[in-house]
Structure formats: structure tokens, C-alpha cells
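Just need the structure, nothing else, for what follows:
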Amino acid sequence: MTNHSPANSTPTVFLVDDDPSVRRALTRLIKSAGYEFHAFSSPRQFLASDCYSQSPACLVLDVRLPGVSGLDLQNELKQANPNLPIIFITGHGNIPMSVKAMKSGAEDFLPKPVQDADLLRAIEHALARAVHDDAERKELESIQGRADTLTPREREVMALVVEGLLNKQIAFELGTVEKTIKVHRARVMEKMDADSLAELVRLAERVGIGKA
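Numbers count the residues shown, from 1 in each chain. Below is the predicted model:
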């Protein structure tokens, strides 16, 4: 059983289940499917490993655990890593519990004994979403990083450009000359790495610059 945080960005499956036989069986199944895999016997052990911060990944989680339950761990992870997809498994599940887990953002809810095909399908879907969300998050961080390099005046110019104003209109709006606006606009396009106005508009929308 591994209890350290992997350093790579390979899509990874985590398992938290207090039953050693379940951990052994699911370890064989999930590893045989070719996934990076790490198993834990309790929520506390999982949280102590710092693995929960890894992305992209998904968590296969038993609902009923001694001490901290699976639903308790789900609530903690909402703060620690809200983007981690969770697949619940349980031998004691009921409809209200399932509804509560799904409303809280669970990816799936499977009864024990878990069917191999059902679990692998759920893992595939969860990891696909995790990979997509991770890519989206990294793109947004990149765009925000570029936007943070803009000067206050360049940010003003960008906001007016994406609203569709012409250079001379922006110059009037900001109390300067058109030539100066052309310089600011060129710098905005360069810093934001935008090849066209349409691209600049898309980037502005992602980081909330321009139209509300």
C-alpha cells in the first residue's frame, strides 16, 4: 500500500476502504486496467498523504468507514480539492444516502460487491472529467497570468477594445490620443498572446475583463 503523494501528472486512481480484502481485490482490478493506483485504509491516512491535491485523479471511496465516514471525507475534500471526482462504493447503501452523495457532487454511487465493468467504466468517466477540468484550470491560470502582466492603463484599453470601441473612441473615452491607444492596444495583444480581436474577446471573458 502506498501512502505518499505521487510526483507525476499521470491520471491516478485512489481508493479509501477499511476492508483489506476489498483493497486487495480492487488493487488487482484497477492496476490490471493500467491505471496508476494508491490505496488507503482510512480517510485520515489519505488526507495525511497529501495525495488529494494531485490532479488529474479520482477517488474510489467506501461510504461506511469507522470514525470519519466517506460522506465526511467528501465534505472535507470540498474545501481541500473540490475538483477531485468521487466514486462511492458501499455494501450498506440506501437511496437517501445515494442522493445526498450525488447532490454533493459524487461522480457515481455503486453497490458492493462492485461489478468490475461498472467500476472501471465509472473510473474511466471520472478520469476523463478530471483530465478535462485539469486542462481547463491550467488554461485559466495561464490566461490570468498573462492578464496580470497588463498595466492598469492597458487593462482599461483591453476592456474597451473587447466592448467593440474603435481606437479613436477609446482615446476620447480615456482622454488621450489615438496614437497612444494604438501602442497600448498592440501591447495588450502581445501580452495576452492574442492573434485576433475574437481571440482577445474570448480571453477577456475568461478572466472577467470588459463586459459584465
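
residue contacts, the residue of the chain most remote from its centre?
Note on the chain: the largest C-alpha distance from the chain mean falls to residue 177, namely 43.6 Å (Cα atoms, centre = their mean). The contact partners of residue 177, by Cβ atoms under 8 Å, 6 or more residues apart in numbering, come to residue 171. The C-beta positions use only the backbone N, C-alpha and C, and glycine is treated the same way.

what are the ranges of the strands in this protein?
Assigned by DSSP state E, the strands in the chain fall at 12-16, 36-40, 57-62, 86-90, 108-111.

For the residue farthest from the centre of the chain, give me phi and psi.
Note on residue 177: its backbone torsions stand at phi -100, psi 160 [degrees, to the nearest 10].

any idea how this protein splits into domains?
Split into domains by automatic domain parsing, the chain comes to 12-143, 149-207.

how distant is the top helix by length along the chain from the center of its chain?
Longest helix in the chain, counting residues (DSSP state H): helix 116-147. Relative to its chain's centre, helix 116-147 lies at 6 Å (Cα atoms, centre = their mean, to the nearest Å).

can you pull out the helices in the chain?
So, for the chain - with DSSP H - the helices run 20-32, 43-49, 70-80, 95-103, 116-147, 152-162, 167-174, 178-191, 197-207.

residues in contact with the last one?
Taking contacts as Cβ under 8 Å, 6+ apart, the residues outside helix 197-207 that touch it are 139-140, 143-144, 146-147, 158-159, 161-162, 188-189, 192, 194, 210.

Can you tell me which of those are buried?
The neighbour count (16 or more other Cβ atoms under 10 Å) marks 143, 146, 147, 158, 159, 161, 162, 188, 189, 192, 194, 210 as buried among those.

could I get these as CSV with distance to residue 18 and pLDDT?
Shown next, in CSV, are the buried ones among the contacts of helix 197-207 (distance: Cβ to Cβ, whole Å; pLDDT from 0 to 100):
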residue, distance to residue 18, pLDDT
143, 43, 96
146, 46, 97
147, 46, 96
158, 54, 97
159, 54, 96
161, 57, 96
162, 53, 95
188, 55, 97
189, 56, 96
192, 50, 97
194, 52, 95
210, 52, 80
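
Farthest pair within these?
Distance extremes for those: the farthest pair is 143 and 161 at 15.9 Å, using Cβ to Cβ.

Need the residues that contact stretch 157-175.
So stretch 157-175 is contacted by 150, 153, 156, 177-178, 180-182, 184-185, 188, 192, 197, 200-201, 204-205, 209-211 (Cβ under 8 Å, 6+ apart).

buried ones in it?
With burial defined by 16+ other Cβ under 10 Å, the residues of stretch 157-175 counted as buried are 157, 158, 159, 160, 161, 162, 165, 167, 170, 171.

Please point out which parts of stretch 53-66 sit buried.
So, applying 16+ other Cβ under 10 Å, buried residues of stretch 53-66: 54, 55, 56, 57, 58, 59, 60, 61, 62, 63, 65.

Go through the buried ones among the contacts of helix 197-207 and name the one nearest residue 134.
Residue 134 has its nearest neighbour among these in residue 143, at 15.2 Å by Cβ to Cβ.

I'd like to know how far that closest one sits from residue 203.
5 Å (Cβ to Cβ, to the nearest Å).
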